[in-house]
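>>> I'd like to go over a predicted model; first the sequence, then the structure.
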Amino acid sequence: MATTTLRIPVRPAGATGAGRDRRPVHRPAGGAARRLRHALGDDWAPAYLFVAPLLVLLVGLIAWPIAQAVWMSFHNVIGPRWGDFVGLRNYAVQVQDPLFQRSFVLTVLFTAESVAVKFAVGLSAALALHQLRRWRFSGLLTALILAPFIVPEVVTAAIWRYLYNPTFGGLNATLQALHALTGGLIGSVQGLPWTGDPTLALQAMVAVNVWKGVPFFTLLALAGLKAIDRELYDAAAVDGANAWQRFLHVTLPGLRYVIIVETLFSTISTFNTFGLVYLITGGGPGGATRLYALRTYELIGSLRYGQAVAVAMLMAPILMLAVVFLGRYMRAGQRGAEGPPGLAFRVLLALCGPLRLAVVLLRRTFWALNALGERLVGGAGSALLRRLSGADAGRERALRRAAGALLVALPVAAIALFELYPFYWIAITAFKTNLQVQQFSSVFWPDPWTLEHFRWLFSESQFWTWLRNTVTVAIGATAIGVSVSALGAYALVRLRWRGAGFVSTAILLTYLMPGIMLVVPLYQVFANLHLVNQLGSLILAYPTFLMPFACWLLMGYYRSIPEELEEAALIDGANRFQSWYRIVLPLTLPALMAVALFAVTNAWNEFLFAFVFIQSNSATTLPVGLGRLIVGDVFAWGPIMAASLVMSIPVVAFYAFSQRFLVEGLTAGSVKG
């Protein structure tokens, strides 16, 4: 069957036509103005005004700290004392360091395994949920599967540290119960040392990363599926294609753009993972989970700042490959981006020649094996159905429908169980007494139920202070992030000005840099601004890491809005800001809601910056406050789980109410390519 590639027709942003020729251009007179337009672009003045807030954040909180960090890597910096200029010595020391070499290999393995599993599970969940979209409770089911994505990182760490506990953890309790119920066929009577065994620890952390990251893949793939024209499936069915063939020749080509973008985003994020591994294993046992970000943190802890930054910068070339490809796809449809690839992109493709050849060989091997598998499995399946139906055509059709329903129900059930299993342990542990937890009694159900942990949380702890601070930071960071991204993305998509490509790449570079590398220079910036121990430091810092995803989403949405609407407003005498504010912005409400949801999630989840920048109890946020309930190796599991439950419920409820805006915002523009 011929491959059918879905292409959503999007009018090139730089195209000229009758509508654009009618647009009045208000240009100041004079030769100087013409020279400026020639040098900077026709829309340079409004473009710079739109993009100015974004540039302030990029330069002040990203570019300057990065430059300072790079300069630091060329010096012998011990704590606050700057020593001699050492050139590349810090880099040479780290390249020869066995600890760095091992951390690099572990990071690559961790990233490859995590992203591959997240992609497979996320796509399976999206396909199943898309088939169940007309089911009455499909919205609730989708919200539950998406819940791990929005749960704060410190809550995720608390859950899985409890589940992995070898003595009274939920996983070993479940394995022991299954062993007893199945007579030893499934499970284990002794349990497993999940994070205590060097051979299991990395895989245990992969499982946590998959649990946390599957909803992101599911969400984007689900939005991409809704953007595929149903007529393509109907045409394929008329041509005799079965469900598997429709998936290969219609679904995958239609999702090509979103698959590339979500995979690159996830690869960069996973490669820079720090918080979860640090909170659960601390890099142990024996360095089995010491990813490169944790190695950087160890060097910071020993005050070897120059070498710490060198470790992070050694990863930059690898991450840069992902950023270049990501930038190419994120800028699709942007003014000036419709032409042939630039020199840098062509050079990168040439350098990746062997990899591209390997991909081609893998594709050919897959299609050969797929053709063989379709004949074997299809023939065996048809024979089995004929035998079960007794050659009754009606019964055979009924069996085929039942098999199709089973193929949808089983993935949803398995993924829902995987995603919701940790929440079950949060809920029951929050209502257990301390004695039940310590004695490991009444394992799977509280007996008796108690509210003592919630009473302590609300009346004796500083929970309400933590909550107020977190809400303040979330509102402030979301307002800044949404406003700046909305203005900047519009300038990048709609206006003609030189430097748009550079700014787009600069935005992506903010996603490249790991937060652990920016901690020291950002701390110095906020210290100079007298914002340390102030919520303002978090309100300013958080939007910078939201911008890559927010700009990508909004750029796609802006491209889906007909430019004729703005042209009509300009003809009527509106300026650029008025046409954006009165015409375009109201039409982008779903995308703005989606960005706001991601911004709230980021502000609600973030742990590292809040932990470093805020030492005052009066300015502590919920994630850090919850982390302070853990004192050394002493875990107050009851209060921790009660706090985790209280932290999770508002965000899950907010997502359950707003998820249709989120999916609509993704579907309308950014997943189309």
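Yep, that arrived. This one's a predicted model, so the numbers in the text were calculated from it and none came from an experiment.
>>> is Val214 in contact with Pro148, as I believe?
Yes - between Val214 and Pro148 a contact is recorded at 7.2 Å, counting by Cβ atoms under 8 Å. Where you see a C-beta, it was placed from the backbone N, CA and C, and this is true even at glycine.
>>> shared neighbours, the two?
Taking Cβ atoms under 8 Å, 6 or more residues apart in numbering as the contact rule, the neighbours common to Val214 and Pro148 are Glu419.
>>> state whether Leu83 is indeed within a strand.
If you look again at residue 83, you'll see it is Gly, not Leu. Yes - assessed with DSSP: H, G, I helix; E, B strand; the rest coil, Gly83 lies in a strand.
>>> and the gap between the nearest residue to it once chain neighbours are set aside and Leu303?
Spatial nearest neighbour of Gly83, excluding adjacent residues (Cβ to Cβ, 6 or more residues apart in numbering): Asn76 at 3.5 Å. Asn76 is 11 Å from Leu303, where distance means Cβ to Cβ, to the nearest Å.
>>> out of the two, which sits in the more crowded spot?
Taking neighbours as other Cβ atoms under 10 Å, Asn76 and Leu303 compare with Asn76 leading, 17 against 12.
>>> phi first, then psi, for the more buried one.
phi -90, psi 90 (degrees, to the nearest 10).
>>> state the next helix or strand along the chain beyond the lowest-mean-pLDDT helix or strand in the chain.
Within the chain, no helix or strand scores below helix 18-22, which has a mean of 40 by mean pLDDT, DSSP states H and E. Remark: after helix 18-22, the chain's next helix or strand is helix 31-40, criterion DSSP states H and E.
>>> how far off centre is stretch 182-200?
31 Å (Cα atoms, centre = their mean, to the nearest Å).
>>> what's the answer for stretch 176-189, then?
36 Å.
>>> what's the answer for stretch 573-590, then?
Worked out by Cα atoms, centre = their mean, stretch 573-590 lies 29 Å from the chain centre.
>>> got the buried residues for it?
Going by neighbour count (16 or more other Cβ atoms under 10 Å), the buried part of stretch 573-590 is Ala574, Arg576, Ser579, Trp580, Ile583, Val584, Leu587, Thr588, Pro590.
>>> quick check: end-to-end length of that stretch?
This stretch, stretch 573-590, spans 28 Å end to end (Cα to Cα, to the nearest Å).
>>> counting contacts, what elements does the helix or strand where Thr478 lies pack onto?
For Thr478, the host element (DSSP H and E) is helix 463-494. For helix 463-494, the elements it packs on are helix 44-58, helix 500-512, helix 535-559, helix 589-605, helix 622-627, judged by 3 or more Cβ pairs under 8 Å, 6 or more residues apart in numbering; DSSP states H and E.
>>> that helix vs helix 535-559, what angle?
Angle, helix 463-494 to helix 535-559, by axes from the mean of the first three to the mean of the last three Cα atoms, to 10 degrees: 40 degrees.
>>> report the buried residues of helix 463-494.
463, 465-467, 469-474, 476-478, 480-482, 484-494.
>>> what's the answer for stretch 499-512, then?
499-501, 503-512.
>>> could you export that stretch as CSV, CA atoms only?
Output in CSV follows, covering the C-alpha atoms of stretch 499-512 (Å, rounded to 0.1, in the frame of the first residue of the first chain):
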residue,chain,number,x,y,z
GLY,A,499,17.4,38.4,13.9
ALA,A,500,14.3,36.3,14.3
GLY,A,501,16.2,33.1,13.5
PHE,A,502,18.9,34.0,16.0
VAL,A,503,16.3,34.8,18.7
SER,A,504,14.5,31.5,18.0
THR,A,505,17.8,29.6,18.5
ALA,A,506,18.5,31.5,21.6
ILE,A,507,15.2,30.6,23.1
LEU,A,508,16.0,26.9,22.5
LEU,A,509,19.4,27.3,24.1
THR,A,510,17.7,28.2,27.4
TYR,A,511,16.2,24.7,27.3
LEU,A,512,19.6,23.2,26.5
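>>> chain center to it, what's the gap?
Worked out by Cα atoms, centre = their mean, stretch 499-512 lies 18 Å from the chain centre.
>>> just the mean pLDDT for it, thanks.
The pLDDT scores in stretch 499-512 average 74.
>>> got it, and stretch 74-83?
If you average the pLDDT over stretch 74-83, you get 87.
>>> so where is the stretch 501-650 of the chain shaky, pLDDT-wise?
For the stretch 501-650 of the chain, applying pLDDT under 70 flags the ranges 511-514, 631-635.
>>> repeat the analysis, applying 80 as the threshold.
501-502, 504-520, 545, 548-549, 552-553, 556, 560, 605, 627-636, 647-650 (pLDDT under 80).
>>> so who does Leu106 touch?
Contacts for Leu106 were tallied using Cβ under 8 Å, 6+ apart; they are Leu202, Ala288, Thr289, Arg290, Leu291.
>>> same question for Ala414.
By Cβ under 8 Å, 6+ apart, Ala414 has no neighbours at all.
>>> residues touching the residue nearest to Gly83, list them.
Under the criterion of Cβ under 8 Å, 6+ apart, the contact list for Asn76 reads Trp82, Gly83, Asp84, Val86, Arg89, Asn90, Gly306.
>>> what do you get for Leu467?
Counted by Cβ under 8 Å, 6+ apart, Leu467 has contacts Leu622.
>>> state the distance from it to Ser485.
26 Å.
>>> how about stretch 140-158: buried residues?
So, applying 16+ other Cβ under 10 Å, buried residues of stretch 140-158: 142-158.
>>> kindly export it (C-alpha atoms) in PDB.
Provided in PDB are the C-alpha atoms of stretch 140-158 (Å, rounded to 0.1, in the frame of the first residue of the first chain):
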ATOM      1  CA  LEU A 140     -11.800  11.600  33.600                       C
ATOM      2  CA  LEU A 141      -9.600   8.700  32.400                       C
ATOM      3  CA  THR A 142      -7.400  11.000  30.400                       C
ATOM      4  CA  ALA A 143      -7.000  13.300  33.400                       C
ATOM      5  CA  LEU A 144      -6.000  10.400  35.600                       C
ATOM      6  CA  ILE A 145      -3.400   9.100  33.200                       C
ATOM      7  CA  LEU A 146      -2.000  12.700  32.900                       C
ATOM      8  CA  ALA A 147      -1.800  13.100  36.700                       C
ATOM      9  CA  PRO A 148       1.900  12.100  37.100                       C
ATOM     10  CA  PHE A 149       3.000  14.900  34.800                       C
ATOM     11  CA  ILE A 150       1.600  17.500  37.100                       C
ATOM     12  CA  VAL A 151       2.500  16.100  40.400                       C
ATOM     13  CA  PRO A 152       5.400  18.000  42.000                       C
ATOM     14  CA  GLU A 153       8.800  16.500  41.600                       C
ATOM     15  CA  VAL A 154       9.400  16.200  45.300                       C
ATOM     16  CA  VAL A 155       6.100  14.400  45.700                       C
ATOM     17  CA  THR A 156       7.100  12.000  42.900                       C
ATOM     18  CA  ALA A 157      10.400  11.400  44.800                       C
ATOM     19  CA  ALA A 158       8.600  10.800  48.100                       C
END
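>>> give me the distance from it to the chain's centre.
Worked out by Cα atoms, centre = their mean, stretch 140-158 lies 13 Å from the chain centre.
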